[in-house]
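S.K.: Provide a 3D model corresponding to the input given below.
(chains A and B)
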Amino acid sequence: MLYSTLFGKTIKNVDQNVKLISHRLLLQAGFIRESVAGRYYFLPLGMKVRDKVVDVIEEEMDKAGAQKMITPVLHPLELWEETNRTSSVGFELMTIEDQRGAKFALGGTAEEMMVDVVRKFNISYKDLPFNIYQFSPKFRDEKRARGGLLRVREFLMKDGYSFHADEKDFKQEYEKMWQTYSTIFDRMGLKTVPIESDNGYIGGDYCHEFVVNSEIGESRFLMTEDGSYAAHEEVAVFKREMINPEDEPKPMEIIEQPEWVQTMEDNEKHYKLPSSRFLKNVVYKTKDGRLIIATLRGDLQANPIKVAHAVKAVGGLEPATDKDLATIGTKTGYVHCWGYKGVTTVGDLSLKTVVNFIGGQKEEKTDSFNVNYGRDFECDVLADIALPPEGCMTEDGKKMVEGRGIEVGNIFQLGTHYSTKMDKAVFTDSDGKAKPYYMGCYGIGVGRTMGTIVEVHHDDKGIVWPKNVAPYQVHMTQLGNDEGAAQKARETYEKLLAAGFETLYDDRDARAGEKLNNADLIGIPVRLVISNRSLENGGFEWKIRSEEESRIVAEDDLISELTKFYEA
RNA sequence: CGGGGUGUGGCGCAGUUGGUAGCGCGCGUGGUUUGGGACCACGAGGCCGGAGGUUCGAGCCCUCUCACCCCGACCA
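M.R.: Purely as a prediction, here's the structure:
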């Protein structure tokens, strides 16, 4: 490729509002351009990278026996109604209508479509298992797009769906996909940590996010130091230590309490006791308007995901408003742990770790004292509903550390969730009976992965692409105005192309600084400079983007050096 | 969807108490340069996000809208 003819130039001034380094660099180096919020053009350079990411994924998926296909982007809305997902998906579903009034969803994920195509065939146990996948644009009407390619409203996703006769068979595929994902990200220069995560509406034991460690990531997770356990904060299980096991339970009483005592800090100050000795309530509302009071030990934070699971709230929870609190005759700061009608109460396991709690029945000038769970009050449900605090331990006493990362992919069990909801989503088993198939699903965000690679691989001058996803293999340029060197550059370009190396040749009549800075910014692994100076030194200047020093490579050794570099 | 902010040539920005729009980058032409984003000269390019209002007069004041960015709540 001749740089002079490449569409999409590097730019000098990037919007000050663009904060994320990957966003900035991709814009500045001419890989992407924003259309409207969360929707991006992939310029020729960016497209090259995207294709390479796709290639790596495709190669590894195929190697694992998965088969590529594609579904229409417009999904008949009836399919989404069949699984009752028109309202329950975590993202805003976009819909569209054709001239005849037929309604479609713009696909944000494709379980229904894949099940639909499979059920069009009369499959039997002999056809199972199989794994079909696609690369297709996904539409998610995110409330807030951000971070360049990391969170957008329209993106290319690899989504795979596997079909099995039973859970045992599915588990094998799950293992295989786990391995495949590690290999995929590894090849693209990303070190991933698989962490247990929430799969929302389904529950179940198998669901992992592949996370790349990063400060700017949106996923917070907990991991043991030996790596034997890693889980998203939404699902991480941790040990609740006994706070005051020596204390004897005392009779509950109502005591006077100054009016200024409102917050947890006020409590600690007034009673000179740690927050773990107090009771704390958080109120949520389900989609169907039911109020949930979650009660925790004062030092812990409620985890809405766990709370939702504990009360089987379909579609998640939202915080209750003052208006909601008024319907049960209370207000913020004065919610009791007990005594309401038509409200579901959920207690955290930590309620059993404290003898003689303070709080639970706060009024303007009084509060309850020496409250003991099981004796003075009981919740409708007692479950794990807390966010893991910093420095917590696993149940078997291993210390966990916090991590933060970008989720680049996930694998999860669907079970028979879709096959039981959708009509005729069955296979004929060996006993002649129709059974719903057992499913798994496997996603990778292509653009997000690309953004993450830049987030991880860059320096103060620009991007440093890993070999397998670089837009070109060689960035070649000629410096100085010597006609001999220019001639040599043109010949070398032809030679590189003939040898099969993807080459970007900066043939502009531009100053050295501009060309070299551009090369650094674009980040192609090998930079080749041809100039009077290099020729006098015996060849071409060879520099690896990730290294500091350059060296001279003789013209005759160029192809073998490149071959060696790219085979390594 | 809550809170905060910004909309002015392609991009980044300035624009005072209201008086009819400027700077840098980029772009075009000519010239001088040529190993780390050069310099000179000339030039093209603007319904000041949109609508309505106040005023003799609005980029600036008021109202309403739209878009985008940041912080939260939700997700590859």
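
S.K.: what are the ranges of the strands in the stretch 51-200 of chain A?
M.R.: A:67-68, A:74-76, A:94-97, A:103-106, A:130-139, A:154-164, A:192-196 (DSSP state E, counting those that start in this stretch).

S.K.: any idea which of those strands scores lowest on pLDDT?
M.R.: Lowest mean pLDDT within those: strand A:94-97, a mean of 84.

S.K.: Output the contacting helices and strands for that one.
M.R.: strand A:103-106 (3 or more CB pairs under 8 Å, 6 or more residues apart in numbering; DSSP states H and E). Any C-beta I mention is one placed from the backbone N, CA and C, and that applies to glycine too.

S.K.: For the strand it packs on, name the packing helices and strands.
M.R.: Strand A:103-106 packs on strand A:74-76, helix A:77-82, strand A:94-97, going by 3+ CB pairs under 8 Å, 6+ apart.

S.K.: got these as CSV, with mean neighbour count and distance to residue A:476 columns?
M.R.: As requested, these are exported to CSV (neighbours: other CB atoms under 10 Å; distance: least, CB to CB, whole Å):
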stretch, mean neighbour count, distance to residue A:476
strand A:74-76, 18, 44
helix A:77-82, 18, 51
strand A:94-97, 14, 44
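
S.K.: what's the closest of those to RNA strand B?
M.R.: With CB to the nearest atom of the strand, the closest approach to RNA strand B among these belongs to strand A:94-97: 12.7 Å.

S.K.: any low-confidence regions in the stretch 151-300 of chain A?
M.R.: Low-confidence segments of the stretch 151-300 of chain A, defined by pLDDT under 70: A:200-204.

S.K.: which strand is the longest one in chain A?
M.R.: strand A:400-415 (DSSP state E).

S.K.: The most centrally placed residue in chain A and RNA strand B: what is the separation?
M.R.: Nearest residue to the geometric centre of chain A (CA atoms, centre = their mean): residue A:407, 2.5 Å. Between residue A:407 and RNA strand B the computed distance is 4 Å (CB to the nearest atom of the strand, to the nearest Å).

S.K.: excluding its backbone neighbours, what's nearest that residue?
M.R.: Of all residues not flanking residue A:407 in the chain, residue A:209 sits nearest, at 4.6 Å (CB to CB, 6 or more residues apart in numbering).

S.K.: Quick check: beta-bridge partners of the one you found?
M.R.: residue A:195, residue A:410 (DSSP bridges).

S.K.: so it touches residue A:192, yeah?
M.R.: No. Look at residue A:209 against residue A:192 with CB atoms under 8 Å: they stay out of range, at 9.1 Å.

S.K.: Between those two, tell me which one has more neighbours.
M.R.: A direct count of neighbours by other CB atoms under 10 Å for residue A:209 and residue A:192 places residue A:209 higher, at 27 against 23.

S.K.: tell me which residues in the longest strand of chain A are buried?
M.R.: By neighbour count on 16 or more other CB atoms under 10 Å, the buried set for strand A:400-415 is A:400, A:403, A:405-415.

S.K.: okay, the residue nearest to the centre of chain A: pLDDT?
M.R.: The predicted structure lists residue A:407 with a pLDDT of 93.

S.K.: quick one on the thing from earlier: and the residue nearest to residue A:407, how far from residue A:38?
M.R.: Residue A:209 sits 21 Å away from residue A:38, going by CB to CB, to the nearest Å.

S.K.: And for residue A:475?
M.R.: Distance from residue A:475 to residue A:38, by CB to CB: 31 Å.

S.K.: List, one by one, the residues from the stretch 101-250 of chain A near RNA strand B.
M.R.: The stretch 101-250 of chain A comes close to RNA strand B at residues A:140, A:142-147, A:150-153, A:155, A:157, A:200, A:209, A:218, as judged by CB under 7 Å from any atom of the strand.

S.K.: Emit the ChimeraX select command for whichever of those residues are buried.
M.R.: Of these, the buried ones go into a single ChimeraX selection, burial set by 16+ other CB under 10 Å:
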select /A:140,145,147,150,151,152,153,155,157,200,209
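
S.K.: In helices only, show me the residues of the stretch 101-250 of chain A next to RNA strand B.
M.R.: Of these, none are assigned to helices by DSSP state H.

S.K.: In terms of distance to residue A:263, which of the residues of the stretch 101-250 of chain A next to RNA strand B ranks first?
M.R.: residue A:218 (28.0 Å; CB to CB).

S.K.: Verify the contact between that closest one and residue A:406 for me.
M.R.: Yes. Using CB under 8 Å, residue A:218 is in contact with residue A:406, at 7.1 Å.

S.K.: Spatially nearest residue to the residue of the stretch 351-500 of chain A found nearest RNA strand B (excluding sequence neighbours)?
M.R.: Per CB to the nearest atom of the strand, residue A:445 is where the stretch 351-500 of chain A lies closest to RNA strand B, at 2.7 Å. Spatial nearest neighbour of residue A:445, chain neighbours left out: residue A:157 (5.5 Å); criterion: CB to CB, 6+ apart.

S.K.: which ones are touching the residue nearest to residue A:235 when sequence neighbours are not counted?
M.R.: Nearest non-adjacent residue to residue A:235, counting by CB to CB, 6+ apart: residue A:198, 5.1 Å away. Residue A:198 sits next to A:207, A:232, A:234, A:235, A:305 when contact means CB atoms under 8 Å, 6 or more residues apart in numbering.
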